[in-house]
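[1] only the shape, not the letters, is given here:
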């Protein structure tokens, strides 16, 4: 598998090493470097993070033959209260249980880099309908 790691204010990195990717994730900052993504090149599937070390959101898009599914990742149990994450690209509205921390993002990105799959143990809210025409 081939990967591309991209982020705010960094050039894209083809096939990043785990340590290199984690070191860059550690620089997440709401004003200067507020988002990163890791894409599996062949399928286009990706995980992305935005926000700050202690208040961030992680989303994932998984492609298959019949299209894609897009998820916002969160903790169990799902808490329907709304929350928002401030970052340079504007406020991002999520459910309270979808406000994660950097350690969560690090684990999700490492798992995805290892096998292009999402780590188990997170609530996956399917928000695909937000991205469909109509």
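    Received, thanks. What you see is a predicted model, and the numbers here were worked out from it, not measured in a lab.

[2] the longest strand seen in the chain packs against which elements?
    In the chain, with assignment by DSSP state E, the single longest strand is strand 55-64. With contacts taken as 3 or more Cβ pairs under 8 Å, 6 or more residues apart in numbering; DSSP states H and E, strand 55-64 sits against strand 46-52, strand 67-74, strand 82-85, helix 102-115. C-beta here means a position set from N, CA and C on the backbone, and glycine is covered the same way.

[3] quick one: mean pLDDT for that strand?
    If you average the pLDDT over strand 55-64, you get 96.

[4] got it, and stretch 13-30?
    97.

[5] doesn't residue 99 make contact with residue 83?
    Yes - Residue 83 lies in contact with residue 99 (Cβ atoms under 8 Å); the separation is 5.1 Å.

[6] the more surrounded of these two?
    Legend: neighbour count by other Cβ atoms under 10 Å for residue 83 and residue 99, higher for residue 99 (20 against 16).

[7] hang on, that one packs against residue 55?
    Yes - when contacts are counted by Cβ under 8 Å, residue 99 is listed as touching residue 55 (5.6 Å).

[8] so what sits against both of these two?
    residue 85 (Cβ atoms under 8 Å, 6 or more residues apart in numbering).

[9] tell me the pLDDT of residue 90.
    Reported pLDDT at residue 90 in the predicted model: 88.

[10] next, count neighbours for it.
    11.

[11] in what helix or strand does it lie?
    Following DSSP states H and E, there is no helix or strand that holds residue 90.

[12] going forward, the N-terminal residue is numbered 45.
    New numbering, starting at 45: the last item is residue 134.

[13] measure it to residue 171 for me?
    18 Å (Cβ to Cβ, to the nearest Å).

[14] hang on, the earlier thing: so what sits against both of residue 127 and residue 143?
    Applying Cβ under 8 Å, 6+ apart, one finds that no residue jointly contacts residue 127 and residue 143.
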